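> Let me see the structure of the following:
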Amino acid sequence: MTSFPQGFIWGTSVASHQVEGNNTNNDCWFAENVTPTVFKEPSGIACDSYVRWAEDVDLVKAMGLNAYRFSLEWSRIEPVEGTWDEAELAHYEAIVDRCHEQGLKPIVTMSHFTTPSWFAAKGGWLNPGSAELFARFCGFVVERIGAKLEYIVTLNEPNLPTLLGAIGLPDFVEDLTRKTIDACSAAAGVEKYRLANVVRSDEAQDIEIGMAAGHTAAYNAMKAVRPELKIGVSIAIMDEQAEPGGEAARDAVCERLYGRWIRLVKGHDDFIGVQNYSRNIWLADGTKAPNDPNLPQNQMHTEVYAPSLANCVRWTHEQTNIPILVTEHGVSTTDDSVRANLITAALTDLGAAIADGVPVLGYCHWSLLDNFEWIFGYEPVFGLVSVDREGNLERTRKPSSFVYEQIARANKI
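Next comes the predicted model:
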């Protein structure tokens with residue numbers, strides 16, 4: 001039997017642009033609707049969660065969970081630079097209130113990839129003033145509703161563009177990415193329209209530097225208002241392993257993909273969010289090993305390897321010496337039995353890490369709903385709950401959600 005600590009956070013995650021629908025003021029919506037575009041399809045109404053948010057919160061409660069991670073849509077709250085939309089802030093405050101009413105801990109992400117279109121038109125995170133603009137937004141939100149919050153994630157996976165570059169996306173993706181960004185710049189009538197999650201490979205590092213400055217500025221701005229808040233950043237982390245002779249290649253990759261963020265938060269932030277989906281094995285010749293044919297593959301054609309989560313959690317804590325919050329973990333698959341098996345196996349390993357003394361605050365499964373998966377559109381499905389896209393967007397729990405519920409309610413496996 002694997003037991004979890006009293007007060008362990010059991011949650012599930014969503015992101016505003018991926019579920020709300022009709023986020024017409026942000027950079028992704030803009031990029032989805034230019035020609036050419038790297039997006040497979042536009043987000044459109046998504047899961048209509050901007051309207052059906054209470055139903056979604058209640059779903060989390062029905063699963064026996066105690067936390068709901070969701071993001072604020074910056075482009076709704078500040079649709080025009082320096083102009084605050086009080087009705088939109090009230091909308092997100094209502095979600096926070098509903099969480100409290102249902103006994104759920106709201107875990108709020110301030111920017112889950114998307115930024116206001118006006119921010120992107122100023123160069124996005126390449127703009128020297130970007131950190132100040134983000135910190136101003138975060139400070140405004142915390143001044144208004146910070147008393148109702150406890151955990152805040154500043155940025156979601158700011159290292160993802162660098163990680164995707166290391167994975168080596170096909171050449172046509174890079175080419176179409178550049179054409180999309182050029183089309184956005186032309187449509188906006190600016191020199192550099194820059195998004196946070198559709199990124200040219202030659203700009204990935206500079207955008208990451210801008211986001212690192214944004215995290216620090218936002219952290220300081222929010223702490224100045226509410227020092228009691230627990231604030232961190234979430235990082236996309238692969239379980240980087242090495243065959244004999246491959247250690248140097250592995251270590252170089254770890255430094256390139258995670259080093260900046262490890263140093264930024266080490267011994268400083270209140271926690272670091274770990275987001276893990278798979279592993280890499282580095283060979284003596286510096287290349288990655290092929291997938292293990294004995295393991296299932298996800299829809300992204302990488303391995304479904306349950307021990308990777310606990311391995312990443314252990315490594316991240318060794319590097320940072322701060323508590324860990326698993327802010328995302330899951331699998332894109334149409335075979336829900338793969339999801340159910342992964343949840344049980346990965347959480348068993350996570351429990352073992354906790355028993356060994358790793359301070360893990362909680363686990364948030366990605367995702368609550370089958371939703372809009374960025375440039376891949378609606379084909380990848382990560383949800384514990386399916387959404388009827390051909391009908392009225394009805395939510396239906398998958399069998400894996402009941403497996404997760406049983407673990408969460410018992411606080412043990």
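
> Got the confidence number for residue 168?
Reading off the confidence values, residue 168 has pLDDT 68.

> got it, and residue 84?
According to the model's per-residue confidence, residue 84 sits at a pLDDT of 98.

> Correct me if wrong: it contacts residue 76.
No: between residue 84 and residue 76 there is no contact, the gap being 10.4 Å when judged by C-beta atoms under 8 Å. In this view, the C-beta of every residue, glycine as well, is placed from N, C-alpha and C.

> Just grab the bridge partners of the spatially most central residue of the chain for me.
Against the mean C-alpha coordinate of the chain, by C-alpha atoms, centre = their mean, the closest residue is residue 156 at 4.4 Å. When assigned by DSSP bridges, residue 156 has beta-bridge partners residue 234.

> hmm, back to that, okay, residue 84 and residue 76: which has more neighbours?
A direct count of neighbours by other C-beta atoms under 10 Å for residue 84 and residue 76 places residue 76 higher, at 23 against 14.

> what sits against that one?
With contacts taken as C-beta atoms under 8 Å, 6 or more residues apart in numbering, residue 76 has the following neighbours: 16, 23, 25, 85, 88, 91.

> Among the residues you listed, name the ones in helices.
Judged by DSSP state H, the subset of the contacts of residue 76 located in helices is 16, 88, 91.

> Out of those, the closest to residue 400 would be?
In terms of C-beta to C-beta, no member of the ones in helices among the contacts of residue 76 lies closer to residue 400 than residue 16, at 23.8 Å.

> count of neighbours near the closest one?
Taking other C-beta under 10 Å as the criterion, the count of residues near residue 16 is 25.

> same thing with residue 272?
For residue 272, the count of nearby residues is 27 (other C-beta under 10 Å).

> Doesn't residue 166 lie inside a helix?
Yes: the assignment for residue 166 by DSSP: H, G, I helix; E, B strand; the rest coil puts it in a helix.

> right, and residue 28 touches residue 111 too?
No: under the criterion of C-beta under 8 Å, residue 28 lies out of contact with residue 111, with a separation of 11.7 Å.

> list the contacts for residue 413?
Under the criterion of C-beta under 8 Å, 6+ apart, the contact list for residue 413 reads 1, 2, 344, 347, 348, 351, 407.

> pLDDT at the fifth one, what is it?
Read that as residue 348. Residue 348 is assigned a predicted lDDT (pLDDT) of 98.

> before we move on, what about the second one?
The per-residue pLDDT reported for residue 2 equals 95.

> Same question for the last one.
Per-residue confidence for residue 407 comes out at a pLDDT of 98.

> residues touching it, list them.
Residues 10, 343, 344, 347, 413 are the ones in contact with residue 407 under the rule C-beta under 8 Å, 6+ apart.

> Among those residues, which are located in helices?
In helices, judged by DSSP H, the following of those are found: 343, 344, 347.

> List just the nearest of those to residue 105.
Relative to residue 105, the closest of these is residue 347; by C-beta to C-beta it sits at 18.4 Å.

> burial count for that closest one?
When neighbours are counted by other C-beta under 10 Å, residue 347 comes out with 26.

> That one is in contact with residue 8, isn't it?
No: the pair residue 347 / residue 8 is not scored as a contact, 10.5 Å apart, by C-beta under 8 Å.

> intersection of neighbour lists for the two?
Here residue 347 and residue 8 share the contacting residues residue 363, scored by C-beta under 8 Å, 6+ apart.

> ok, now how distant is the residue lying closest to residue 132 once chain neighbours are set aside from residue 320?
If you skip the residues right next to it in sequence, residue 132 has residue 217 as its closest partner in space, 6.3 Å away by C-beta to C-beta, 6 or more residues apart in numbering. Remark: distance between residue 217 and residue 320 (C-beta to C-beta, to the nearest Å) = 20 Å.

> Likewise for residue 225?
The spacing between residue 225 and residue 320, counted by C-beta to C-beta, is 25 Å.

> The two: which is more packed in?
For residue 225 against residue 320, the residue with the higher neighbour count under other C-beta under 10 Å is residue 320, and the figures read 23 against 16.

> Okay, strands next: where are they in the stretch 251-400 of the chain?
Assigned by DSSP state E, counting those that start in this stretch, the stretch 251-400 of the chain shows strands spanning 271-276, 279-282, 324-329, 360-366, 385-387, 395-397.

> quick one: stretch 362-382 to chain centroid distance?
Mean C-alpha position of stretch 362-382 versus that of the full chain (C-alpha atoms, centre = their mean, to the nearest Å) differs by 10 Å.

> Buried ones in it, by neighbour count?
The neighbour-count check on stretch 362-382 (16 or more other C-beta atoms under 10 Å) flags 362-375, 378, 380-382 as buried.

> In contact with the closest residue to residue 381 other than its chain neighbours, which residues?
Nearest-residue entry for residue 381: residue 370, 4.4 Å, with adjacent residues in sequence omitted and distances by C-beta to C-beta, 6+ apart. In this structure, residue 370 makes contact with 47, 378, 381, 382, 383, 385, 386, 387, judged by C-beta under 8 Å, 6+ apart.
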